[in-house]
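# Need coordinates for the below:
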Amino acid sequence: MDRITLIRPDDWHLHLRDGAALGAVLADSARRFARAIVMPNLKPAVRTTQQALGYRERILAALPDGAHFEPLMTLYLTDDTPPEEITRARVSGHVHGVKLYPAGATTHSDEGVSRISRCFHTLEKMQELGMPLLVHGEATDPEIDVFDREKAFIEEVLSPLVARFPDLKIVLEHITTRDAVQFVEVTGPNIAATVTAHHLLMNRNALFMGGIRPHHYCVPVLKREEHREALVEAATSGNSKFFLGTDSAPHARTAKEAACGCAGIYTAHAGIELYAIAFEEAGALDRLEDFASRFGPQFYGLPCNVDSVTLVREPWTVPQSIAFGGGELVPLRAGETISWRLA
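Numbering: from 1, shown residues only. Below is the predicted model:
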């Protein structure tokens, strides 16, 4: 198969930043995806519907001429997010989820949730209104091994949360372990997960190939090969609970190549092509369209897109760097050859 035409996909987990950085990366996503769930972890965080609508307008204003791309906005959950804000978000028609960052778990998560019980009234309102909770699923206790934080979060926080709010729609984002796959598989239809291309393509050895590889560092961190294999099995299984979310997260080279480097991998430059590589390696290219274009809209209660994209087998070289807000960023597989190109 040398040519694949797909219903135009959506990205159900995307970081676009703001200002000059937004203008530098937006076109990559807009070329490939019709819609994207946009993360709210700006500085300051997008905590209110009014802030989300303002951010949405800045995204639309930054789109290249002729681009057709719809940002699906989210709110940043805090200990004191009022239930009334969820109502305002739902009424707006433009806010499609609320993001749970455990405080200190990842980039710009300092304002996140310190204890989930402080959010129960807000979660009750979300359950009532059908507003999805989008979860960064990692425990933050420093005594927990970094490779066990997803598993610990599922056991200590997520399982009790699902039991308390059985009808709450939850997306466990950027899953990285067999434990997460199994949890999503056995819970109800209101629980789903996004899977990134980089977690499908790399295991934790990629962090140390010939030395420390800061541009392969993300959170949740890459895991053992057995977990990567479980993610590939889930993504290519045809199970509608698993769908595409790139978690493309741009950082300047200087912020990555530092004594305390930022977590995040930029993949929007090949946002669908990288998935095609992973699915082809698994012998499952025929299942890419469902994963990329159908299952996400189905979970969020939105229609599939009516247009399409085409990938052709035509090798191209990823640039060594991309201009980024006055500096540069290093994309995944910089300087390497990718076998699929967006036509």
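
# From now on I want contacts and neighbour counts done on CA atoms only, so please keep to that.
Noted.

# now the strands for the stretch 51-200 of the chain?
Assignment of strands within the stretch 51-200 of the chain using DSSP state E, counting those that start in this stretch yields the ranges 70-76, 95-100, 133-135, 170-172, 191-195.

# by how many degrees do the longest one and strand 95-100 diverge?
In terms of direction (axes from the mean of the first three to the mean of the last three CA atoms, to 10 degrees), strand 70-76 departs from strand 95-100 by 40 degrees.

# so how far is the strand ranked longest in the chain from its chain's centroid?
Secondary structure of the chain per DSSP state E: the longest strand is strand 308-317. Taking CA atoms, centre = their mean, to the nearest Å, one finds strand 308-317 lying 23 Å from the centre of the chain it belongs to.

# for stretch 173-185, same thing?
Taking CA atoms, centre = their mean, the mean C-alpha location of stretch 173-185 is offset from the chain mean by 14 Å.

# Same question for stretch 78-85.
Its chain's average C-alpha position is 23 Å from that of stretch 78-85, according to CA atoms, centre = their mean.

# What lies in contact with that stretch?
47-49, 100, 111-116, 118-119, 121-123, 125-126 (CA atoms under 8 Å, 6 or more residues apart in numbering).

# Can you select the buried ones from those in ChimeraX?
Remark: buried members of the contacts of stretch 78-85, expressed as a ChimeraX selection using 16 or more other CA atoms under 10 Å:
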select :47,48,49,100,111,112,113,114,119,122,123,125,126
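
# So which of the contacts of stretch 78-85 sit within helices?
Among these, the residues falling in helices (DSSP state H) are 49, 121, 122, 123, 125, 126.

# what sits against the first one?
Taking CA under 8 Å, 6+ apart as the criterion, residue 49 is in contact with 75, 85, 88, 89, 92, 95.

# Please enumerate the strands of the stretch 201-343 of the chain.
Remark: strands assigned in the stretch 201-343 of the chain by DSSP E, counting those that start in this stretch are 242-244, 308-317, 322-324, 327-329, 337-342.

# Check which helices and strands the third one sits against.
In this case it means strand 322-324. Here strand 322-324 touches helix 19-32, strand 327-329, going by 3 or more CA pairs under 8 Å, 6 or more residues apart in numbering; DSSP states H and E.

# so which of the ones you listed comes closest to residue 199?
Residue 199 lies closest to helix 19-32 among the helices and strands packed on strand 322-324, at 18.7 Å (CA to CA).

# now the closest one, how far from the centre of its chain.
Relative to its chain's centre, helix 19-32 lies at 16 Å (CA atoms, centre = their mean).

# who touches it?
In this structure, residues lying in contact with helix 19-32 by CA under 8 Å, 6+ apart are 8-9, 16, 59, 62-64, 67-69, 250, 268-272, 309, 323-326, 342.

# what does stretch 173-189 give?
With CA under 8 Å, 6+ apart as the criterion, stretch 173-189 contacts 13, 134-137, 150-151, 154, 191-196, 199, 220-223, 226-228, 230-231, 234, 241, 245-247.

# buried subset of those residues?
By neighbour count, with 16+ other CA under 10 Å, the contacts of stretch 173-189 hold 13, 134-137, 150-151, 154, 191-196, 199, 220-223, 227-228, 230-231, 234, 241, 245-247 as buried.

# Sort out for me which of those residues are in helices.
Using DSSP H to define helices, the subset of the buried ones among the contacts of stretch 173-189 located there is 150, 151, 199, 227, 228, 230, 231, 234.
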